[in-house]
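> Okay, sequence plus prediction incoming.
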Amino acid sequence: MSQSFPPTQHDVVLLFGSETGTAEEICRDISKNMQQAGIDCECYEMNKAKTLMDLRNEKIVILISSTTGEGEPPENALKFWKMLNQATKETLDLSKQRFAVLGLGSSDYDNFCAMGKNFYKKMLDLGGQCFMEPGFADDATGLEAVVEPWAERIISAVEKILPEVQKDWKSSADGESKESKESKEDDESRKIKENDKETSEIPSISIPLRDATHRDLLISLGDDLNVDKLRLPRTGVTSMTVEFGDEEQSRGVVEDVNTWFAAELIAYRCLTARNAVKRTLECRFKLPAHTDFRPGDSFAMSCPNIREEVERMIKVMKLTDVKDKPLHFIMLPSKKNKAPTIPHHLKPYHTLSEVLTVGLDIRAIPKKKLLRVLGDSAKDEDERKTLLFLSSSFGARDYDRAIRNPKMNLVDILEKFPSSTLTLGQLFDLLPPLQPRSYSACSPNEDNTVSFVFNIVGTDTPDEEKSTGVCTSYLESLCLNLYNIAAQSILSDVEQLRKAEKRNEWYAIDPEPLELTRLILSPHLPRHIHCTLRKTVGTVLSKLSVPIFRREIASFRPPTDPTVPLIVIGPGTGIAPFYAFAKERLLIKRAVEAGTYKLPDTAVGNTVGPLFVFFGCRNELRDFIFREEWEEMLAQKAVSWMFTAFSRDEGSDHKYVQSHITQQAPVIHNLMAKHRAMIFICGSVHILQPLYNALDQGIAESRNISVAEAKQIRDAWQKDGRIRSELW
């Protein structure tokens, strides 16, 4: 858990805003490397700054942030950004401060690295001096391409400016002009770039790592590869050693910034046909009383790693005999951290099995630092050369081709390179924590229940590699437990479940006996959660629980004014939250007609506004989810019109939602321009740009303007907050 950062305690302060943990991991890695280079620094969550005075009193500030939603900050940076964005140079003069910015994002989104760019611009506006060119890393092509060289350069850049900065802060007089400083920084930047140029012939791996032996790989690289001349990532010093004891280690209270509670699965149904390419489930959970949420809100779930994969890792590391023995973490003091503490994501777990099941992301694609550690440990020379090459700057393209693109994980690497080893301290240092998965509510808040819809990741498809999803497979196992209770059955696996269940038929248990207590928990405490549930609902029903919390950012909610027209676009399971939008509007419509609901005084209309729905899937008969419910919504006039597209159906007039968007662009433009409508988009990140292109093209054709002018109109709607998206 991050602590509040005190003013003027360190030469360098690194601040992170992180939604999934990636920015935090990068920030902590850079901080650790700086400390090992002798730089006095520390990293903190952005929201831990209680006031902006804390920021003003820091010598060098490095901001690392991801971007969420429509160019918004992560939850743990939201308060900090609001304070910073409202500041002026008169209220917060940062002219003495040096800063640098690293933004993380994806070019699949319109607002690529928006928060990184926002932080950069705002710090300049407040007078801050940027001492290194900002980095904007693209997850669509691989964050490592920008992050790794930037993380290397930032250390040397800090080392160069630090003596001058320390001198400036000790003296009120500034003897060097801003122009000369900028010139010096430009020279340094040029030198760094020149040093980064690789002039040698770069070898290339020509075969996939998953299908190759290390000897095959080395042959493709060339036997004369000289690894001593490669630029390799810093490995750093291990922060801990791990021993096995006879009793559990005493670790004190586990703290967490999120309010977790145990949600109980009370019903589920399969929404797609048995022969559908993708299997889609709807799960309904019982929540504690008075849990506040609206359609579109996002909930985070804590799900364990898949048991077979955990056992595979334990086996490849030859630790089967000690997997359930108590772990003792021995934290190693360093020059900058005299009393290190156990990382908060490891603190709750007392055995290796627990750590690998719920503490660490064992599926994470290994970072280059991890490959370097494995290469250094490899006893086989061919394996050593290959691993070090892949970890080097020379091997960047081949790292993508051999590791990142096929999504190799640590176990895959250890099996391919059996002479390499990791200590448990290195393993716990280098693997990231297992992050919760987020799902949007697809039901209105009724009877303290919430529903989620998701595809079972891993069913065979012609265009996707088979890979079982961590959270979806766990949720399907809960459905198996529920089915056995509801149907008084004894099915043993999900394959039997898929054959037994009927499409759209609910399997449910009576939620009334469940008395769930609101709990404040660490993200992953299965033992504690199960103990609590056994006390309240009995041993059998504890098999249906999942730790959950509601995310604070609620930017995907429909407007509080129900008279605002809505245009919702949701291919595949992206349609699910919009079913909740429609149901909420139907309830409001009935209440207005009954005289039990008063429209707000600021309403843009005097009746519940129209709702236009755009939906697409592969096959109408197999994949059209909520079909009967949508027909009922249309009959009740909760939905004004529904446009459907079926990409795999022969004879379908519309294969993709985009064709409807282009065709209906005049209607959409009229609703947006004259009736202050809003557009909501939910689905895969890859649908966003084609949808925007279709909308721009349709507006351009209907208004006889250029596509560039149509895009300016759409950009204005986005800036006004009237186009919102929830993408994955």
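Received the coordinates, thanks.

> Low-confidence bits of this structure, can you list those?
The chain contains residues with pLDDT under 70 at 1-9, 50-54, 170-225, 252-258, 336, 457-467, 511-543, 553.

> for it, longest strand please?
strand 261-270 (DSSP state E).

> Can you mark which positions in it are buried?
Applying a neighbour-count criterion of 16 or more other CB atoms under 10 Å, one finds Phe261, Ala262, Ala263, Glu264, Leu265, Ile266, Ala267, Tyr268, Arg269, Cys270 buried in strand 261-270. (Glycine included, C-beta is placed from N, CA and C.)

> Next, format these as TSV and append distance to Asn85.
Shown next, in TSV, are these (distance: CB to CB, whole Å):
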residue	distance to Asn85
Phe261	32
Ala262	37
Ala263	35
Glu264	40
Leu265	41
Ile266	42
Ala267	43
Tyr268	43
Arg269	44
Cys270	46
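
> What is the most widely separated pair among those residues?
Of all pairs drawn from those, the greatest distance, 26.8 Å, lies between Phe261 and Cys270 (CB to CB).

> Give me the helices and strands touching the helix ranked longest in the chain, please.
Longest helix of the chain, by residue count under DSSP state H: helix 144-170. Packing partners of helix 144-170 (3 or more CB pairs under 8 Å, 6 or more residues apart in numbering; DSSP states H and E): helix 22-36, strand 60-65, strand 98-105, strand 135-138, helix 178-196, helix 396-399.

> packing partners for the longest strand of the chain?
Contact partners of strand 261-270 among helices and strands, from 3+ CB pairs under 8 Å, 6+ apart: strand 280-286, helix 470-486, strand 507-508, helix 526-537, strand 545-550.

> Going along the chain, name the helices of the stretch 451-600 of the chain.
For the stretch 451-600 of the chain, the helices defined by DSSP state H, counting those that start in this stretch cover 470-486, 494-500, 526-537, 576-594.

> nearest to Met301, of those?
Evaluated over the helices of the stretch 451-600 of the chain, closeness to Met301 peaks at helix 470-486, with 6.1 Å, by CB to CB.

> what's that closest one in contact with?
265-268, 281, 283, 301, 303-306, 363, 437, 454-458, 489-491, 493-494, 497, 500-501, 507-509, 540-541, 543-544, 546 (CB atoms under 8 Å, 6 or more residues apart in numbering).

> How far does that helix sit from its chain's centre?
Taking CA atoms, centre = their mean, to the nearest Å, one finds helix 470-486 lying 24 Å from the centre of the chain it belongs to.

> what does stretch 368-381 give?
28 Å.

> list the buried ones in that stretch?
Of all the residues in stretch 368-381, those buried under the rule 16+ other CB under 10 Å are Lys368, Lys369, Leu370, Leu371, Arg372, Val373, Leu374, Gly375, Ser377, Ala378.

> List the ones among these that fall in helices.
Counting by DSSP H, the buried residues of stretch 368-381 contribute Lys368, Lys369, Leu370, Leu371, Arg372, Val373, Leu374, Gly375, Ser377 to helices.

> re the thing from before, of all the helices and strands packed on strand 261-270, which one comes closest to Glu75?
Judged by CB to CB, the one of the helices and strands packed on strand 261-270 that comes nearest to Glu75 is strand 545-550, at 10.9 Å.

> before we move on, back to that, between the longest strand of the chain and helix 470-486, how big is the angle?
80 degrees (axes from the mean of the first three to the mean of the last three CA atoms, to 10 degrees).

> Glu248: how many residues sit nearby?
Glu248 has 11 neighbours, counted by other CB atoms under 10 Å.

> Which phi and psi values does it adopt?
The phi/psi pair for Glu248 (degrees, to the nearest 10) reads phi -70, psi 140.
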